[in-house]
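Novice: Everything below, folded, please.
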Amino acid sequence: RRVTSKTHARGLKTHRAMTMPRAMASVSELQGKENKDVRVLVVGATGYIGKYVTRELCARGYNVTAFTREQSGIGGKTAKDGAIAMFPDATVKFGSVSDKTSIATEAFGSEGFDVVVSCLASRTGGIKDSWDIDYQATKNVLDVARERGTKHFVLLSAICVQKPLLTFQKAKLKFEEELQNAGDISYSIIRPTAFFKSLAGQVEVVQKGGPYVMFGDGQLASCKPISESDLAKYMADSIREPEMTNKVLPIGGPGEAMSALQQGTMLFELLEMEPKFVKVPIEIMDVVIKVLDVFAGFFANMKDAAEFGKIGRYYAAESMLVMKDEKYDAKSTPSYGTDTLKEFFARVAKDGLAGQELGDQAVFK
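Specialist: Alright, predicted model coming up:
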């Protein structure tokens, strides 16, 4: 084709249009819209927190789509019919967050979403799983959201990324940084402290007469745990609260920070049982990790085992609180909600762990 000054000008115009960055989208554009007119996509919807977030958004009247695998939930036990039944007030779509084409065609389709909420998290914290899910799959969702003009991205992260020693923390932090640097979509990064479920693994053991196991003197680490329901409410708030936009938001539950010793003591009091503690020297974990690291150097399939040991060591020794001046600070850790750990322990003692299964993330099995 002969190139004239006009076609050359049109070519330059097209090139500029293709290379110019997309204008900054923001959740502020939703002001004046009723919740029913705000389209929200939740990925990781059938996960432990994702279930509560999806239901909370539906309860607030948002137009919610839940995107999940065909076989989802703990151990992939939730089939399509189960996922649809789980969310009667949402549209449920199926596909893979590991595949950008699946996200674009199966989740987004021909329509866009005003808000995307990511509750994705690696199932085990293993090395490959962490990079595949906490980073790459979440990035796949963000990439498609940006291409489709989504205004706001709500990310469920974790408070422990502030001291990233583990693979899953590094993967989450890398994605956080990319989200903050995207420049064309507003965000809210939610970093909760410990979940109630992560502290529930020993309730039934103690009920049956077993000891409460803790590392060191039980005061190596503390946390302000938050319930799944309160966390879901907080995440839903971030869609409408201007002060939560373009912020990293650490959040814990109500009450004072509690050490393992305090949690165990409270549990024995609730059960009206004589306290019986087993104190495990933290140094034992250091020895185990060193041994696993040696084996991991020779056998690739041992790398995850070594990582799991490091995860256990981290949670035994590091507080789930905001760090201030390189120290954990309970007073600097925000509180939200009304559910307390004491009430939760009492409920688990009465009704068991139904709906609180730890799955691959359990430490005490």
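Novice: List the beta-bridge partners for residue 323.
Specialist: Judged by DSSP bridges, the bridge partners of residue 323 are residue 328.
Novice: Could you count how many residues lie near it?
Specialist: 16 (other C-beta atoms under 10 Å). For every residue, glycine as well, the C-beta is placed using N, CA and C.
Novice: Ok, residue 326 next?
Specialist: Going by other C-beta under 10 Å, the residues that sit close to residue 326 add up to 6.
Novice: ok, now residue 235?
Specialist: For residue 235, using other C-beta under 10 Å, the count is 26.
Novice: Then residue 102?
Specialist: For residue 102, using other C-beta under 10 Å, the count is 17.
Novice: With the one 4 residues further on instead?
Specialist: Close neighbours of residue 106, defined as other C-beta under 10 Å, add up to 14.
Novice: Kindly report the same for residue 271.
Specialist: Residue 271 - counted by other C-beta under 10 Å - has 14 other residues nearby.
Novice: In terms of helices and strands, where is residue 64?
Specialist: strand 63-68 (DSSP states H and E).
Novice: Nearest residue to the middle of the protein?
Specialist: When C-alpha atoms, centre = their mean is applied to the chain, the residue found nearest the centroid is residue 156 (3.9 Å).
Novice: got the contact list for that one?
Specialist: If you count contacts by C-beta atoms under 8 Å, 6 or more residues apart in numbering, residue 156 has them with 44, 49, 50, 53, 117, 118, 119, 120, 121, 190, 192, 235.
Novice: Phi and psi next, for the closest residue in space to the first one that isn't next to it in sequence.
Specialist: Distance criterion C-beta to C-beta, 6 or more residues apart in numbering; nearest residue to residue 44, sequence neighbours excluded, is residue 119 at 3.6 Å. Backbone dihedrals for residue 119, given as degrees, to the nearest 10, come out at phi -110, psi 20.
Novice: Tell me the spacing between residue 119 and residue 346.
Specialist: Per C-beta to C-beta, to the nearest Å, residue 119 is found 27 Å from residue 346.
Novice: Look at these two and report which has more neighbours.
Specialist: More neighbours surround residue 119 than the other of residue 119 and residue 346, with 25 against 16 (other C-beta under 10 Å).
Novice: Might you report the residue contacts of that one?
Specialist: 42, 43, 44, 45, 47, 49, 50, 53, 156.
Novice: Next step: these restricted to strands.
Specialist: 42, 43, 156 (DSSP state E).
Novice: Model confidence score at the first one, please.
Specialist: What it means is residue 42. pLDDT, residue 42: 98.
Novice: again, but for residue 14
Specialist: 41.
Novice: ok, now the one 4 residues further on?
Specialist: With respect to pLDDT, residue 18 scores 40.
Novice: Most neighbours among the contacts of residue 119, which one is it?
Specialist: Of those, with other C-beta under 10 Å as the count, residue 42 tops at 32 neighbours.
Novice: The residue nearest to the centre of the chain bridge partners, please.
Specialist: Assigned bridge partners for residue 156, using DSSP bridges, are residue 190.
Novice: Show residues contacting the helix ranked longest in the chain.
Specialist: In the chain, ranked by residue count with DSSP state H as the criterion, the top helix is helix 282-298. By C-beta under 8 Å, 6+ apart, the list of residues contacting helix 282-298 from outside reads 215-216, 220, 302-303, 305-306, 309-310, 312-313, 316-317.
Novice: what's the answer for stretch 236-246, then?
Specialist: 26-28, 30, 38, 40, 53, 56-57, 60, 62, 115, 152, 154, 180, 186-188, 190, 249.
Novice: Narrow those residues to those in strands?
Specialist: Per DSSP E, the subset of the contacts of stretch 236-246 in strands is 40, 115, 152, 154, 186, 187, 188, 190, 249.
Novice: now those residues as JSON lines including distance to residue 229?
Specialist: Listed next are the ones in strands among the contacts of stretch 236-246 as JSON lines, based on distance: C-beta to C-beta, whole Å:
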{"residue": "40", "distance to residue 229": "18"}
{"residue": "115", "distance to residue 229": "20"}
{"residue": "152", "distance to residue 229": "22"}
{"residue": "154", "distance to residue 229": "17"}
{"residue": "186", "distance to residue 229": "25"}
{"residue": "187", "distance to residue 229": "23"}
{"residue": "188", "distance to residue 229": "18"}
{"residue": "190", "distance to residue 229": "14"}
{"residue": "249", "distance to residue 229": "17"}
